[in-house]
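*Asks:* Below is the sequence, then the predicted model.
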Amino acid sequence: MTLLHGSEMIALKDVHFSYADRPILKGIDLSIKKGEIVAIMGGSGSGKTTLLGLISGRLKPQSGSVFVDGLDVPGLNKANLYGLRRRIGMLFQFGALFTDLSVFDNIAFPYREQTSLPEALIRTLVLMKLEAVGLRGARDLKPAELSGGMARRVALARAVALDPSVMLYDEPFTGLDPISVGIIGRLIKRLNRALGMTSVIVTHDINESLRLVDRVIVLSEGKIHRDMVPDDVRTTQDPFIRQFADGLPDGPVPFHYPGADYVSELFGA
């Protein structure tokens, strides 16, 4: 295994990835330091979620290197990859809670599956995690009894149950009201600091992300278009970033999918 040096927690070096013959990532170089919160942004299909899959080892690049905490992820055998994944937390886009389990049992699940801790200690740890996200009083509810924001907070508590070194977030703000978005954003920042984690957030929520991240990585056409601090995102006149940040329907990313001349096709000329 090749070890990294310095303060890098995540490093991708000249990473190429394709689905069949469709290129997604075309030579990505990315370094994320320990303790950073980094947002990955870009249009649909730009490779944001693919990056999370590469970091977690769910996907392997066609070429290039992926390192997490000094480990060459694609080169790990099954046992070592499983060990690394125990140190990586994942918050899925819609929480992915077990619908037949209570809030308490959802958070207890990783302790029961991956440790040999006694139930008395598991109970204490679960209550601590629920207290951290403000939902200790909801421990006996089922996911169907929770609001969207509450369910996302339970999912976050479960994701950090084993105190991961790295947290991956796939669209954590999707479908939430503004109050819940603010709560999740503050929790991400507070838990990252309290647990000493490194966080990577795939998101389209510009406003909330700029309040909590250290850097913004913008993907376009399979490459890193810009690597910026939040203040630069707010002030840049880069046409692609302005279109993305301001939600403009047309610009460097065209509204119309390429096709034949409209009038000619409409009238059969």
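*Replies:* That came through fine. Numbering: from 1, shown residues only.
*Asks:* in stretch 178-190, what's buried?
*Replies:* Buried residues in stretch 178-190, counted by 16 or more other CB atoms under 10 Å: Ser180, Val181, Ile183, Ile184, Gly185, Leu187, Ile188. In this view, the C-beta of every residue, glycine as well, is placed from N, C-alpha and C.
*Asks:* How far off centre is it?
*Replies:* 15 Å (CA atoms, centre = their mean, to the nearest Å).
*Asks:* now stretch 117-130: mean pLDDT?
*Replies:* Stretch 117-130 comes out with an average pLDDT of 95.
*Asks:* go on, stretch 28-47?
*Replies:* 88.
*Asks:* Need the phi and psi values for Ile10.
*Replies:* Dihedral pair for Ile10: phi -130, psi 130, per degrees, to the nearest 10.
*Asks:* Ok, Asp14 next?
*Replies:* Dihedral angles for Asp14 - degrees, to the nearest 10 - are phi 50, psi 50.
*Asks:* ok, Pro172 - contacts?
*Replies:* Pro172 makes contact with Leu91, Gln93, Arg152, Leu156, Ile184, Ile188, Ile201, Thr203 under the criterion CB atoms under 8 Å, 6 or more residues apart in numbering.
*Asks:* Tabulate the residues you listed (JSON lines), appending pLDDT, secondary structure and distance to Glu119.
*Replies:* Output for the contacts of Pro172, formatted as JSON lines (pLDDT from 0 to 100; DSSP: H, G, I helix; E, B strand; the rest coil; distance: CB to CB, whole Å):
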{"residue": "Leu91", "pLDDT": "89", "secondary structure": "strand", "distance to Glu119": "26"}
{"residue": "Gln93", "pLDDT": "74", "secondary structure": "coil", "distance to Glu119": "31"}
{"residue": "Arg152", "pLDDT": "89", "secondary structure": "helix", "distance to Glu119": "27"}
{"residue": "Leu156", "pLDDT": "91", "secondary structure": "helix", "distance to Glu119": "23"}
{"residue": "Ile184", "pLDDT": "89", "secondary structure": "helix", "distance to Glu119": "30"}
{"residue": "Ile188", "pLDDT": "91", "secondary structure": "helix", "distance to Glu119": "29"}
{"residue": "Ile201", "pLDDT": "94", "secondary structure": "strand", "distance to Glu119": "34"}
{"residue": "Thr203", "pLDDT": "87", "secondary structure": "coil", "distance to Glu119": "37"}
